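Peer 1: what would the 3D arrangement of this be:
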Amino acid sequence: MEKPSYYIILPAEVRYDKRLKFSEKILYGEIATLIHHKGFCYASNSFFASLYETHENTISLWIASLVKYGYLKTNYRVYESQGKKRQERRIYLTEKVRDTQQNHLIPLNVNCEKNNTSRLLQDDYILHTNLLEQDKSDNLDEILKNNLDTQEEIPELFNTKEIFGKK
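Peer 2: Take a look at the predicted model:
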């Protein structure tokens, strides 16, 4: 079976729930991703079992655990197809988790300026430069106050050439 190429999002509420097994958390992410496609997930236990290389009963237990702790709800419907009665399970996110995932459905560019990275870098550079200038002026004032004698001696050293080892 070809593995899906999409990624999953695990809300913190699910990720840090100590009652859930690691595999149940991953399955939750898989189901949540499929739910976002159509509003519900209709994938069978056999689909998930082949995807995660486990038994269908194991998948059933994982889903039951997610339902028990209030992360998913299931609904079964019976329909007729080609003269046969069939049953379809639909899995939905509960309100408990759906509210925390709504922010993930909003595109990032809705709230951001175009290419704001360069603006942020520019603001950071300006702030850093201003702080450096302030430090320089503070240090310069201090040096001037403490070293007035040295300032008068430097030109004399150049005039006498003692600085180069010559007299």
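Peer 1: tell me where the protein has helices.
Peer 2: Along the chain, counting by DSSP state H, helices occupy 12-15, 22-38, 45-52, 56-68, 95-101, 116-146, 148-160.
Peer 1: state the mean pLDDT of the second one.
Peer 2: Same thing as helix 22-38. Averaged over helix 22-38, pLDDT sits at 93.
Peer 1: same deal with the last one?
Peer 2: Helix 148-160 shows a mean pLDDT of 59 in the predicted model.
Peer 1: could you do stretch 55-67 as well?
Peer 2: Stretch 55-67 shows a mean pLDDT of 97.
Peer 1: as CSV, could you dump the C-alpha coordinates of it?
Peer 2: Taking C-alpha atoms only, stretch 55-67 is exported to CSV below (Å, rounded to 0.1, in the frame of the first residue of the first chain):
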residue,chain,number,x,y,z
HIS,A,55,-4.5,-5.9,13.1
GLU,A,56,-8.0,-4.4,12.5
ASN,A,57,-9.0,-5.2,16.1
THR,A,58,-6.1,-3.1,17.3
ILE,A,59,-7.3,-0.1,15.2
SER,A,60,-10.8,-0.6,16.6
LEU,A,61,-9.4,-0.5,20.2
TRP,A,62,-7.4,2.7,19.4
ILE,A,63,-10.5,4.4,17.9
ALA,A,64,-12.6,3.3,20.9
SER,A,65,-10.0,4.9,23.2
LEU,A,66,-10.1,8.2,21.3
VAL,A,67,-13.9,8.1,21.5
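Peer 1: contact partners for residue 62?
Peer 2: Residue 62 makes contact with 21, 23, 24, 27, according to C-beta atoms under 8 Å, 6 or more residues apart in numbering. (C-beta placed from N, C-alpha, C; glycine too.)
Peer 1: how about the contacts made by the third one?
Peer 2: Right, the one you point to is residue 24. Shown in contact with residue 24 (C-beta under 8 Å, 6+ apart): 62, 65, 66.
Peer 1: and it, how close does it get to residue 65?
Peer 2: 5 Å (C-beta to C-beta, to the nearest Å).
Peer 1: re the thing from before, buried subset of the contacts of residue 62?
Peer 2: With burial judged by 16 or more other C-beta atoms under 10 Å, the buried subset of the contacts of residue 62 is 24, 27.
Peer 1: now residue 87: closest residue in space that isn't a chain neighbour?
Peer 2: Using C-beta to C-beta, 6 or more residues apart in numbering and skipping residues adjacent in sequence, the residue nearest residue 87 is residue 78, 5.3 Å away.
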